[in-house]
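Participant: Here you go, sequence then predicted model.
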Number of protein chains: 2
Amino acid sequence: MAEQVRSPRERYRDQNRTEAKQVALEQLAESGPAGISVNAIAKRMGVTGPALYRYFANRDALLSALIVDAFRDLAEAVEGAAERHRKKAPAGRLREIALEWRGWALAQPHRYLLLFGTPVPGYAAPEETYDLADRGMRPLLSVFAELAPADLPPSRTALDRQLTAWRAERAGGEPAPPAALRRGVLAWTRLHGLISLEVQGQFAGTGVDPELLFRAELDALLAEPW
Amino acid sequence: MAEQVRSPRERYRDQNRTEAKQVALEQLAESGPAGISVNAIAKRMGVTGPALYRYFANRDALLSALIVDAFRDLAEAVEGAAERHRKKAPAGRLREIALEWRGWALAQPHRYLLLFGTPVPGYAAPEETYDLADRGMRPLLSVFAELAPADLPPSRTALDRQLTAWRAERAGGEPAPPAALRRGVLAWTRLHGLISLEVQGQFAGTGVDPELLFRAELDALLAEPW
DNA sequence: AGCGGGTGTTAGAAGTTCTAACAAAAGAGT
DNA sequence: ACTCTTTTGTTAGAACTTCTAACACCCGCT
């Protein structure tokens, strides 16, 4: 990972940036995105407000950095799960990946919401986030490519064509069967739906255990006909 | 519906409240939840800032009112679709309900995100919203109750028991088969997942048409084995 | 007709982001 | 070792924000 030789100034700068982000995450957990205040962060770091503007152009830039970090973190968690269970059968690996994903979201709901909650109005996601979001989804697509039976009838629907083109541009390499892509993407949206509702506490008053619902969804995902 | 006889003062008050909410919605559409400013709303209404505090205790109360309105609106849209297509076969009705729901969300993405996006930190949803959220889900559950085959093997999993208890407390009346509840709830979470990702523009750069994906998900929902 | 409650005003406190100008510190070059 | 330059942190302040307090006014109910 080529630990670039950095000048002391750069090291100092990086350290302050990460400290600011860390404090920002604490504030995020305590009082939501609106509670992230440049002034308050600076105060907790022992400096005055405007000092932080040496490190982040503005509040949005700081939020942006948090988002990119979180996307990377989630992607790495999912990739890690896929890697750890690479010897499992695809169905089991799918379960592990999905549970890892949910676990990540539940362990830090505010961060998950930072990624998939209400986007900040003027905010445009940096290009980097697209790649990172894609990385998080890739293990899921792989599993479905493995699960797909070999004798699938070829499908040339508009959706399947779009999906194939999308993957070709994104990942290149060997194309997966369109049906696998379709199911992989839908698996992603399904799990996200469940997780985002759980993270927001929508199941709170119902007496329904979201984990059981999640596992039921996983079962359904695997029981579906091709 | 009892159009309560209201004193002129009450009428005036109501009118101002709804005007404020309307202006707030414009601001929401223009610059997101953070852009809803009490001062700016007042200015657009031709009064000074503090005047609005006669009508809403604080900014959160105003947001709260917007949320309740939106929940009710969405619930009524979904109920309306179910009502309009009550003569259709359940499968067709499911499609109509789901499309109505998606249509509502796409027509006013900011409002959908207000309901299901990042919750405001200190904000606790008023009791009313639970009922309204439930109303929006009910037509979906009904459809699956109709779709469920009569000869379902009885299931006594923990999840099924929780779901049954939840519906009994919520809606009372005749209990639906647990499997239908399970599938209804999962249908809800699936559609929400897809819609919320679409509303946030997550499919924007991919070249994949979210509507096709949505219809594919509907097909999958109906093709699933019981 | 007059009284009282509802409504809108200004003033201001306490907070926010962010810019500008200045001072200090710290690394780099000679 | 001494300067020079760049980075960093400071204070001051502008332009906002929400929200409270005190005052004035006016409408409608009795």
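Facilitator: Nice, I can see it. Source: prediction; values computed, not measured.

Participant: Tell me the residues on chain A that lie near DNA strand C, please.
Facilitator: With C-beta under 7 Å from any atom of the strand as the criterion, chain A comes near DNA strand C at residues A:7-9, A:36-40, A:49-50, A:53, A:57-60. For every residue, glycine as well, the C-beta is placed using N, CA and C.

Participant: which one of those residues is nearest DNA strand D?
Facilitator: Closest to DNA strand D out of those is A:Pro50 (3.6 Å), distances taken as C-beta to the nearest atom of the strand.

Participant: what about the closest one, how many neighbours?
Facilitator: As a burial measure, A:Pro50 scores 10 neighbours (other C-beta atoms under 10 Å in any protein chain shown).

Participant: buried set for the longest helix seen in chain A?
Facilitator: Identified as the longest helix of chain A according to DSSP state H is helix A:59-84. Going by neighbour count (16 or more other C-beta atoms under 10 Å in any protein chain shown), the buried part of helix A:59-84 is A:59, A:62-75, A:77-79, A:81-82.

Participant: could you say what helices and strands that helix packs with?
Facilitator: Applying 3 or more C-beta pairs under 8 Å, 6 or more residues apart in numbering or on different chains; DSSP states H and E, we find helix A:59-84 packed against helix A:8-31, helix A:38-45, helix A:90-107, helix A:109-116, helix A:127-147.

Participant: one more time with 6 Å
Facilitator: helix A:90-107, helix A:109-116, helix A:127-147 (3 or more C-beta pairs under 6 Å, 6 or more residues apart in numbering or on different chains; DSSP states H and E).

Participant: just for chain A, where's the confidence low?
Facilitator: Applying pLDDT under 70 to chain A flags residues A:1-5, A:120-124.

Participant: element containing the closest residue to A:Arg102 other than its chain neighbours, please.
Facilitator: Using C-beta to C-beta, 6 or more residues apart in numbering or on different chains and skipping residues adjacent in sequence, the residue nearest A:Arg102 is A:Ile195, 5.4 Å away. For A:Ile195, the element it lies in under DSSP states H and E is helix A:178-199.

Participant: The helix or strand that that helix is followed by to helix A:90-107, inter-axis angle?
Facilitator: Going down the chain from helix A:178-199, the next helix or strand is helix A:210-223, by DSSP H and E. With axes from the mean of the first three to the mean of the last three C-alpha atoms, to 10 degrees defining the directions, helix A:210-223 sits at 150 degrees from helix A:90-107.

Participant: Tell me the buried residues in helix A:210-223?
Facilitator: By 16+ other C-beta under 10 Å, the buried positions in helix A:210-223 come out as A:Pro210, A:Leu212, A:Leu213, A:Phe214, A:Arg215, A:Ala216, A:Glu217, A:Leu218, A:Ala220, A:Leu221.
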